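Student: Structure, please.
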Amino acid sequence: MKIETNIMKFKESLKLESGRILDNYEIIYETYGELNENKSNVIVICHALSGSHHAAGRYANEAKPGWWDNFIGDGKTIDTLKYFVICSNNLGSSFGSTAPMSANYPSKQPYRMKFPVLTISDIVNAQMLLYKRLGIEHAHAVIGGSMGGMQAICYSIDHSNFAKHVFALATTAYTRPWAIAINKIAFEAIRHDPVFNNGNYEKVDLIACSLPGLAIARMAGLIAYLGPNSLQEKFARKYTDTDGLYELFGRFEVERYLEYNAYNFPKIFDPLSYLYICKTMNIFNAARGKDTMEDAFEKIKCKLHLISFSDDVLFFPAEMQEIYDLMINIGKKDLVTYKKVDSTHGHDSFLVELDKFKDYIKEILEER
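Tutor: As a prediction, this is how the structure comes out:
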C-alpha cells in the first residue's frame, strides 16, 4: 500500500463559525493508494477525538499500525488498490495540524488559551479547502465514527454535493447532556491540576510530571468508550496478583488497566487540545443557528448511511435511530439507510468489531 504524509500550509484566513479568524494554519494529512485519472475514487476518512491522520499502515519501527488499519488497505474493506483514501488531522488536535500549542501568527508564542473554539463545521470547512488545493472536487464516500461521525453528518448537510455516500458511525446529530457531563469531568480534572498552570505549562513539565488531570479525564472517557459489557468481558472481578486484597490501594485488573492507559495518555496528547476538542464535541448541533433539525437534514442530497452499536453508552443507538426516523419523516427514505450492530465493545465497537459491518459498507461502496 502506498502511503504518503504531507502538510498543507494555508496563508489565507479561515473564517470560523464564532466570527473569529484563524490565520496561517496548517493541516497534516495522509493518503493511501493512487488517485485515478478523473479523480473519482476518493474516500475521505474522519477521525475521532484522540485519533489522527495516521489511519492505516505502519511507519518504520512503529509498534502499532494506524487506528483503522484492519479496515483500510490493499484488498481490505476500503481497498487501496481501488480507492484513493485521504485522512487529515483535525485542526485543534495534537498530531501536527494547527492547535493550541502552535505559534500564534505573527508571533512565535503558542496560542494556548487564545486559540479559538472550533466547531465541527469549521474543521470540515478547513478540510474542504485542503481538497480544493489537491484538485479534488468530489468524493465517492466520506466515512467517520464518533467525532468523525459528526464530521460525516456535517459533510452530508453543509457539503451535500461533495460525496456520493456518507457513512456516520457511533455518533449523534447533537451532543446530549450525558456526553457533555462526561466531558465535564475532563474539564474539571485538567483545569484544577497544578501542572496545567492555567494553560501555561511547558511540554517538559508534562514529561517530567505527567498530568494527572488529563489522566483522570482519560479514565472517564475510557469508561464511556468501553461500556459495562466490554469491561465485564475483559476483566470481570479479577484482582491484580501482586496486590493484596485487603490493601487500601490494592487494585482490580480493571483499575490497573485504567491507570496504565490513562497515565500514558499525557505522553502523546496535549491537555489544551483535549479541552478544545471536548468543547467542539459538546457544542455540536447539526441544526445550529435558526435551523430546526428538519430544516438541516432537508439539505441532504447524498446517500446517508447510519451505523449504531447496541451497547454504545456514549452515543446511544436511539440517537442514530432518531436521525433515520427524521429522514423518513421529511420524505428522504431513498437517501438514508440504518444498521444497528449487535456489539459487545461499547462505543469503541466501530474500531474493533469490524467483522460485523465491514461487508455491509463494502457492498454499499461497490453499489451491489
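Student: need the longest helix for this structure.
Tutor: helix 212-235 (DSSP state H).
Student: So for this structure, the centremost residue is which one?
Tutor: The centroid of the chain falls nearest to residue 48 when counting by Cα atoms, centre = their mean (1.2 Å).
Student: follow-up on the earlier one: quick check: buried residues in the longest helix of the chain?
Tutor: Going by neighbour count (16 or more other Cβ atoms under 10 Å), the buried part of helix 212-235 is 212-227, 229-231, 235. From N, CA and C alone the C-beta is placed, and that goes for glycine too.
Student: okay, the residue nearest to the centre of the chain: pLDDT?
Tutor: We have a pLDDT of 98 for residue 48.
Student: Identify the spatial nearest neighbour of it, chain neighbours not counted.
Tutor: Excluding the flanking residues, the one nearest residue 48 by Cβ to Cβ, 6 or more residues apart in numbering is residue 146, at 3.9 Å.
Student: What does that neighbour show for phi and psi?
Tutor: Here is the backbone geometry of residue 146 (degrees, to the nearest 10): phi 60, psi -120.
Student: That one and residue 124: what is the separation?
Tutor: Separation of residue 146 from residue 124 (Cβ to Cβ, to the nearest Å) stands at 15 Å.
Student: One more: residue 357?
Tutor: Applying Cβ to Cβ, the value for residue 357 to residue 124 is 23 Å.
Student: So which of these two has more stuff around it?
Tutor: residue 124 (23 against 20; other Cβ atoms under 10 Å).
Student: how would you label that one: helix, strand or coil?
Tutor: Under DSSP: H, G, I helix; E, B strand; the rest coil, residue 124 falls in the helix class.
Student: correct me, but it touches residue 156?
Tutor: No. Using Cβ atoms under 8 Å, residue 124 makes no contact with residue 156, being 10.3 Å away.
Student: what about the spatially most distant residue from the centre of the chain, helix or strand, and which?
Tutor: Largest separation from the mean C-alpha position in the chain: residue 246, at 40.6 Å (Cα atoms, centre = their mean). Counting by DSSP states H and E, no helix or strand carries residue 246.
Student: Give me the pLDDT for it.
Tutor: pLDDT for residue 246: 95.
Student: Please consider this matter closed, and thank you.
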